[in-house]
Each structure stands twice: as C-alpha cells, then as structure tokens.
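**Student:** Whatever this is, show me its structure:
(3 chains)
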Amino acid sequence: RTMYAFVRFLEDNVCYALPVSCVQDFSPTSQLDFDNQKVYTVYRNPEEAEEDEESPGQWGDRLLLHKAQILALAEDKTDLENSVMQKKIKIPKLSLNHVEEAGEVTDYGEEDVELRHSKRHDGRKQSEGTHKSIEAVVARLEKQNGMSLSNTSSPEEAFMESSEGMNNMDDAVVPRILYEELLRSYQQQQEEMRHIQQELERTRRQLVQQAKKLKEYGALVSEMKELRDLNRRLQDVLLLRLGSGPAIELEKVKAESIEPEPEVQKTFNEEANTSTYYPAPVPVMDKYILENGKVHLGSGIWVDEEKWHQLQVTQGDSKYTKNLAVMIWGTDVLKNRSVTGVATKKKKDAVPKPPLSPHKLSIVRECLYDRIAQETVDETEIAQRLSKVNKYICEKIMDINKSCKNEERRESAKYNLQ
DNA sequence: GCGTTTGGCGTCATCACAAG
DNA sequence: CTTGTGATGACGCCAAACGC
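**Tutor:** Here you go, the predicted model:
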C-alpha cells in the first residue's frame, strides 16, 4: 500500500498530498514516522518520481527536486486531504540546521504562516494562532459582504469575483469552505439575534403586564388597609359600647386581631353571652372629640358642635342621616353628587355624577350606628336600619335638586310676570 | 336587591288676610 | 292689635318605574 504525505513546498508555500514515493530517501513505517521540522527533497509530481525510478540516471536532477516540509501522513490520499481540510495543522518551525543545510533563507520563525493554496488543494491554517487568523478572515469577509451588499450582488458572487482575480493576496487566502462556513455561522447568529430580539419583546410585554398587575394590587392593598382601619374602629366602638371588661381584655382582642371581621363577631358574642350585666351605654360624646367648637367624627372630619348637638335630638333615622349628610358635605356639594356615582339609565344623556366619598359615607354610617346602638342591641334591626343610609342620602340629594328646580321655576315665573 | 329618578302625599312653618 | 284660617313652600317620606 502506498502512503501519502501532505507536504508544503518551501519555495512557494503550496501544499498538497503526494505519494511518499515522491519524497527522496523516505520510507515511513507509520503515519507518525516523519520529522515535521526537517526539510525533505520531494518530486513535485508523482510522474516525475516514476520517471526517475525508471531512469535512475536522472536522479538528483535539481530541476525536478524541490525542498518541502512534511505536515502529515496517511494511507489514503482523500483521507489525508480531508483531514487536513478539517483539522487545523500547525506549521512547525523548521529546525535551523535543516534550513541552513538546505541553504534556504527563511524568516518563518515564530510566526504562523498563511498557506497559499491552489484551487485543487484547499488547506487550513494551523490550529495555533487560529483565532487571530480567523478574525482577520472574518474582517475581510465582512468587508466583502459590505461591498457585495452595496453592489446588490450576493456575498458569494463578491467572493468569486475577488478570488478569481487572484491578484490580491488577501483574497486568495480565503478558502471557499471556510468562507461558506463562516457565512453559515454568520447567518445562524443573525437568526439567533432575531430570536433573542423576539424574546426581548415578549419579556418587555410581560413586564408591562406585571407592572399593571402590581398597580392593581397596590390599589387593593390600600383599600384593604382602609377597610381594616374602619373595622378596627368599629371594634373599638363595639367594645366601648358593650362596656368593656377589663382593659386587658380589650388589649388582648386588639392584639389578636388579624382578621378584624370575625374578631368583631367573636367579641360581640362573647360579651353578649357571658356578661352578667350590661353596663350603661357610653355616651356618644365620649367617643367624639371636642375641639374649638367642633366635633371630630373621625378621619379628619369635623362638624360644628352646635349643629351636632341639634342633630343628636332629631327624631328618626331618615332625618338624622339627611341632616348629618348636609353637615358633612353641604347642600351645594350634595346636589351635584350621587351616592355611589352610578349614572341613571332612565335618561339617555345620563351623565354620571361623582360619587360621595365612601370614607365619609362610612363615617355617616358609623354615626348612625352609634345612635341606633343606644336604642337597641338587636343586630338584625341595626343592620336593617343601617342599610337605609344610602337611600336616605339619595333622597336628600333628590330633595335638594327638587327644591333647586322649584326655585328656578319660581325665578323664571317672577321674570315672566315682570 | 340596589341605586337612581320621578312623582305624589303628608307635615310643618310661614305668610297674608280677614274677623273679632 | 290679636287671633283664626287658608294658601304656599319646604321638607320628609313613600311608591313605582327602570336598568343593572
């Protein structure tokens, strides 16, 4: 079997595979049996070697012999070329002695040398220093790509043109396979980039969604806090009204109060069932703070003390609620509001009137609760009477509007008379 | 069932006015 | 001038209708 050697001719840097028989004084026993730092004497064409063998007299003809370096050995020529194409083989530094012997003046030294390849013999740069070379190639490719784009021709065409020209050394050293491989990876990376951008867009949208949810959550939290606060105050009122056992009891209930709603229920029942006496109801005034002739109803709502006292003696839930509403909001505000802000569907041009503050409404409810609770302990009755608060206020608003309309009517009638 | 609106009725306060 | 009476308006309350 013939073995093949991948050789590099020193004179022109051209590389290709040749039968080992072309190498003078060389009969390797294995694929590793060669000195990659040695300069061999090689026939450039196999035919030359054959011819030489046939006519030994011509042996030593310097014209046919060339100095070359052996880079690899293999049993099959195709294998050898393929493996050289796929792998990257370092061009070993030639030993100084051999070079001197060969009389070859060279400056290869430490540097990796880019091989020049014939079209027939594509090769690869050696593995060491590949990065640097690849970078250079990529830079050139990009340059070519840019050129080709501007010329509205494909990169491949640009490559062909420049490689056919062959005048430019730089162009000549870009192997087509390498170019295509790089092009492929470039396209692949572009694809990946698109994927990443899509992913980014998706993530961005998700982020926006999350932000919205967070906002809603924040609103819910604040509403919950408000409800909790109201509940707490309700608890306080209940405890005061039910007449508080020891203060410790009250504190304990407060401390345990995580879910205020059931807590109230529990406290109420406990007190109602276990108390052997019903303490005198705490006067309403004890709860409401007096200051500068004003009464604090809670949450920063103050009403005139005199009016408050008058309110306390009014008869009936309806009047009480309506008067209190007027004290808190005033008729001017009330006439332009609705209780909940829901527009009527009776009219076509239903313009929803702004709602009354739920907070103030709850204050009204609380005041009425205090009042009712002095009359009865029946929970269902209290609940029933309290449920009418909105209705009363709505009525009040309507009554105010009625009187306003009447006034206008009278005014217009007066003008008509005049 | 609830909120809103319309409309009606009753009550109360106020006013005008006649009668004493 | 005082008093009784009717008219009037403001207000409170209620019912019904409507849409959700």
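
**Student:** okay, CA-based contacts and neighbour counts for the rest of this
**Tutor:** OK.

**Student:** Can you classify the closest residue to A:Ile70 other than its chain neighbours as helix, strand or coil?
**Tutor:** Spatial nearest neighbour of A:Ile70, chain neighbours left out: A:Val7 (4.4 Å); criterion: CA to CA, 6 or more residues apart in numbering. Three-state call for A:Val7 (DSSP: H, G, I helix; E, B strand; the rest coil): strand.

**Student:** looking at it, A:Val7 is touching A:Ala17, isn't it?
**Tutor:** Yes. Assessed by CA atoms under 8 Å, A:Val7 is found in contact with A:Ala17 at 6.1 Å.

**Student:** Looking at those two, which one has more neighbours?
**Tutor:** Higher neighbour count among A:Val7 and A:Ala17: A:Val7, with 25 against 22, using other CA atoms under 10 Å.

**Student:** Tell me what that one is bridged to.
**Tutor:** Beta-bridge partners for A:Val7, by DSSP bridges, are A:Tyr16, A:Ile70.

**Student:** what residues are up against it?
**Tutor:** By CA atoms under 8 Å, 6 or more residues apart in numbering, the contact set of A:Val7 is A:Cys15, A:Tyr16, A:Ala17, A:Leu18, A:Ala68, A:Gln69, A:Ile70, A:Leu71, A:Ala72.

**Student:** So A:Val42, which state does it fall into?
**Tutor:** Assignment for A:Val42 (three-state DSSP): strand.

**Student:** Could you measure from the residue lying closest to it once chain neighbours are set aside over to A:Tyr4?
**Tutor:** In space, and not counting its chain neighbours, A:Val42 is closest to A:Val23: 4.4 Å by CA to CA, 6+ apart. A:Val23 is 10 Å from A:Tyr4, where distance means CA to CA, to the nearest Å.

**Student:** A:Ser318 now?
**Tutor:** 113 Å.

**Student:** and the residue of the stretch 101-250 of chain A found nearest DNA strand B, how many neighbours does it have?
**Tutor:** Here the residue of the stretch 101-250 of chain A nearest DNA strand B is A:Leu227; by CA to the nearest atom of the strand that distance is 17.0 Å. Residues lying near A:Leu227 (other CA under 10 Å) number 15.

**Student:** Shouldn't it be within a helix?
**Tutor:** Yes. Checked against three-state DSSP, A:Leu227 lies within a helix.

**Student:** how about A:Cys394, what does it touch?
**Tutor:** So A:Cys394 contacts A:Ser338, A:Val339 (CA under 8 Å, 6+ apart).

**Student:** Please, which helix or strand holds it?
**Tutor:** In the assignment (DSSP states H and E), A:Cys394 maps to helix A:389-417.

**Student:** Provide the secondary structure category for A:Thr380.
**Tutor:** helix.

**Student:** One more: A:Thr321?
**Tutor:** Following three-state DSSP, we place A:Thr321 in the helix state.

**Student:** contacting residues for it?
**Tutor:** A:Thr321 makes contact with A:Val364, A:Leu368, A:Val389, A:Tyr392, A:Ile393, according to CA under 8 Å, 6+ apart.

**Student:** So if we follow the domain assignment, how does chain A break up?
**Tutor:** Domain assignment for chain A by the TED database gives A:4-49+A:64-75, A:183-240, A:289-416.

**Student:** Minimum distance to A:Val84: which of those domains has it?
**Tutor:** domain A:4-49+A:64-75 (8.0 Å; CA to CA).

**Student:** before we move on, back to that, how close does the residue nearest to A:Val42 get to DNA strand B?
**Tutor:** 104 Å (CA to the nearest atom of the strand, to the nearest Å).

**Student:** Return the distance of that residue relative to DNA strand C.
**Tutor:** In terms of CA to the nearest atom of the strand, A:Val23 sits 99 Å off from DNA strand C.

**Student:** Just list the residues touching that residue, thanks.
**Tutor:** A:Tyr40, A:Thr41, A:Val42, A:Tyr43.

**Student:** how close does it sit to A:Asp33?
**Tutor:** 13 Å.

**Student:** is it fair to say A:Ala72 lies in a strand?
**Tutor:** Yes. When three-state DSSP is applied, A:Ala72 is found to be in a strand.

**Student:** List the contacts of the nearest residue to A:Ala373 once chain neighbours are set aside.
**Tutor:** Residue nearest to A:Ala373 in three dimensions, not counting chain neighbours: A:Ile382, with 7.1 Å by CA to CA, 6+ apart. Neighbouring residues of A:Ile382 by CA under 8 Å, 6+ apart: A:Tyr369, A:Ile372, A:Ala373, A:Thr376.

**Student:** Quick check: pLDDT value at A:Ile382.
**Tutor:** On pLDDT, A:Ile382 comes in at 81.

**Student:** returning to what we had before: just say which of the domains of chain A is most tucked in.
**Tutor:** domain A:4-49+A:64-75 (a mean of 19; mean count of other CA atoms under 10 Å).

**Student:** Report the contact partners of the residue of chain A found nearest DNA strand C.
**Tutor:** The minimum distance from chain A to DNA strand C, using CA to the nearest atom of the strand, falls at A:Ser318 (3.5 Å). A:Ser318 sits next to A:Val389, A:Tyr392 when contact means CA under 8 Å, 6+ apart.

**Student:** Make sure it is indeed in a helix.
**Tutor:** Yes. Membership of A:Ser318 in a helix is supported by three-state DSSP.

**Student:** what pLDDT does it get?
**Tutor:** pLDDT, read off for A:Ser318, is 81.

**Student:** Can you say which helix or strand has A:Gln37 in it?
**Tutor:** A:Gln37 belongs to no helix or strand, assigned by DSSP H and E.

**Student:** how about the strands of chain A, start to end?
**Tutor:** A:4-9, A:15-19, A:39-43, A:65-74, A:289-291, A:294-298, A:301-304 (DSSP state E).

**Student:** How about the residues of chain A by DNA strand C?
**Tutor:** A:316-319, A:322-323, A:345-346, A:392, A:395-396, A:399-400, A:403, A:406-407, A:410 (CA under 7 Å from any atom of the strand).

**Student:** and A:Glu75, what does it touch?
**Tutor:** Taking CA under 8 Å, 6+ apart, one finds A:Arg1, A:Thr2, A:Met3, A:Tyr4, A:Gln31 in contact with A:Glu75.
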